[in-house]
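Asker: give me the fold of what follows.
(one chain, ligands or ions: 1)
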Amino acid sequence: MINIIEPRFFEEEEEAILSILRSRKITRGEWTKAFEEAFAKYLGVKHAFTVCSGTVALFIALKALGVEGQKVVVPAMSFMATIDAVYLAGGVPVVVDVDEYYTIDPNQLEDAVKKYNPKVVIPVHLYGQPADMDAIMGLSEKYGFYVLEDSAQAHGAEFKGKKVGSLGHLSAFSFYASKNVPMGEGGVIATDDDKLAKEVKKWIDFGEHPAFNVRITEFQAALGYIQLKYLDQRNKRRREIAQKYKEHINSSFVHPAEREGAYHVYHLYTLRHKERDRIIKFLKERGIDARVYYSYLLNELRNAEHLPVDRAKVFKEEVFSIPVHPYLTDEEVDFIIETLKAVEVPV
Ligand SMILES: Cc1ncc(COP(=O)(O)O)c(C=O)c1O
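Answerer: The predicted structure follows:
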């Protein structure tokens, strides 16, 4: 099977894990500190706090912003954690449609902001594609809401030369096994704002008020630190494969378009086709993993308040993702292309 999710580790990681075992310093040590510093530097922000998952990163960021009883706008298309974190933090989600790039539609966002006066908006850089952060930050200045970037799928993605996760007031990352920087489980809350960083810290360091232990271990931090060193190189390979797909897979498929000014990192290569289910079956029978991300809309999943989500409704029925991880060989990429060419689909 050609896997859609494929974290790989090499000698460098093996040596680091062994050295941590031998040192017996297995939590709250130098690796965690080094990873937090390296990740903040990579993004170009002052603060990066490690936590145990992306979901917890979103939850703490929302707590730091104080969303209890307040509206929080999320896009219809995302992993369920985006909306669940809002409920867990005591917020009231409002779901809006996506644009043609599968990220929050800024036009509808403005309608939602006028109608609901949200405290926070959560753009999701879905599949590795940056949301339209110019438009979103413009609205934030005009209406005065906070922007929390859900960057769980977009490590290394850029918008107009700046890293996603550094563009909003706060951002949340996931380091789950499938992500572009995998450490098994893990998350980061990043911000350039000292005041918000102080609020975030209250949820991480014990003492200020009741809080969970949300730390990661040195093992996870070491994996993250080492994987981060190779992120740009591996994202480049993802983009190379994506380019090949765009050139060679026929036009009856809708390919992921890249937003102007965006550096898409192809966490997933997501196509659209009306005969999606038949195509997935065809691919799987030939040893290629293909999956639907996601088979639900957030408003439907949690019965949340929403504006009309017409685009997302169509996309949900048509999207499917194929392998694009950086360890695919050229032969595997060619095989995926040839297999997709062989599916009998009406052009
Ligand atoms: C868009 C998005 N947000 C949030 C999360 C939650 O991250 P985690 O699984 O680390 O809790 C994920 C991934 O799983 C995700 O893809």
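
Asker: how about the helices in the stretch 51-200 of the chain?
Answerer: Using DSSP state H, counting those that start in this stretch, the helices of the stretch 51-200 of the chain run over 54-65, 81-88, 106-116, 133-143, 194-202.

Asker: which residue is it, in this protein, that comes closest to the ligand?
Answerer: Across the chain, the shortest distance to the ligand (CB to the nearest ligand atom) belongs to Gly54, at 2.4 Å. (Each C-beta comes from the backbone N, C-alpha and C, glycine too.)

Asker: so Phe320 sits in a strand?
Answerer: Yes: applying DSSP: H, G, I helix; E, B strand; the rest coil, one finds Phe320 inside a strand.

Asker: what does the stretch 101-250 of the chain put close to the ligand?
Answerer: The stretch 101-250 of the chain has residues 124, 150, 152-153, 174, 176, 187 near the ligand, with proximity defined as CB under 6 Å from any ligand atom.

Asker: just checking, Pro182 touches Pro7?
Answerer: Yes: counting by CB atoms under 8 Å, Pro182 touches Pro7, with 3.8 Å between them.

Asker: ok, those two, which is more surrounded?
Answerer: Neighbours were tallied for Pro182 and for Pro7 using other CB atoms under 10 Å; the higher tally belongs to Pro182 (22 against 18).

Asker: ok so, going back, shared neighbours of Pro182 and Pro7, anything?
Answerer: Common contacts of Pro182 and Pro7 (CB atoms under 8 Å, 6 or more residues apart in numbering): none found.

Asker: rewinding a little: export the helices of the stretch 51-200 of the chain as CSV, with columns for mean pLDDT and mean neighbour count.
Answerer: Shown next, in CSV, are those (pLDDT from 0 to 100; neighbours: other CB atoms under 10 Å):
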stretch, mean pLDDT, mean neighbour count
helix 54-65, 98, 26
helix 81-88, 98, 22
helix 106-116, 98, 18
helix 133-143, 98, 16
helix 194-202, 97, 16
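
Asker: same list, the ones you listed, but as TSV with distance to Lys274 please.
Answerer: Below are the helices of the stretch 51-200 of the chain laid out as TSV (distance: least, CB to CB, whole Å):
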stretch	distance to Lys274
helix 54-65	32
helix 81-88	27
helix 106-116	24
helix 133-143	30
helix 194-202	44
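
Asker: ok, which of those helices comes nearest Lys33?
Answerer: The minimum distance between Lys33 and the helices of the stretch 51-200 of the chain falls on helix 194-202, with 14.5 Å, by CB to CB.

Asker: quick one: contacts of the following helix or strand past that closest one?
Answerer: Going down the chain from helix 194-202, the next helix or strand is helix 218-229, by DSSP states H and E. Contacts to helix 218-229, defined as CB under 8 Å, 6+ apart, come from residues 9, 12-13, 16-17, 20, 25-32, 34-35, 38-39, 42, 50, 175, 181-186.

Asker: can you give me the angle the next helix or strand after helix 218-229 makes with helix 218-229?
Answerer: Going down the chain from helix 218-229, the next helix or strand is helix 231-248, by DSSP H and E. With axes from the mean of the first three to the mean of the last three CA atoms, to 10 degrees defining the directions, helix 231-248 sits at 60 degrees from helix 218-229.

Asker: cool, thanks, signing off.
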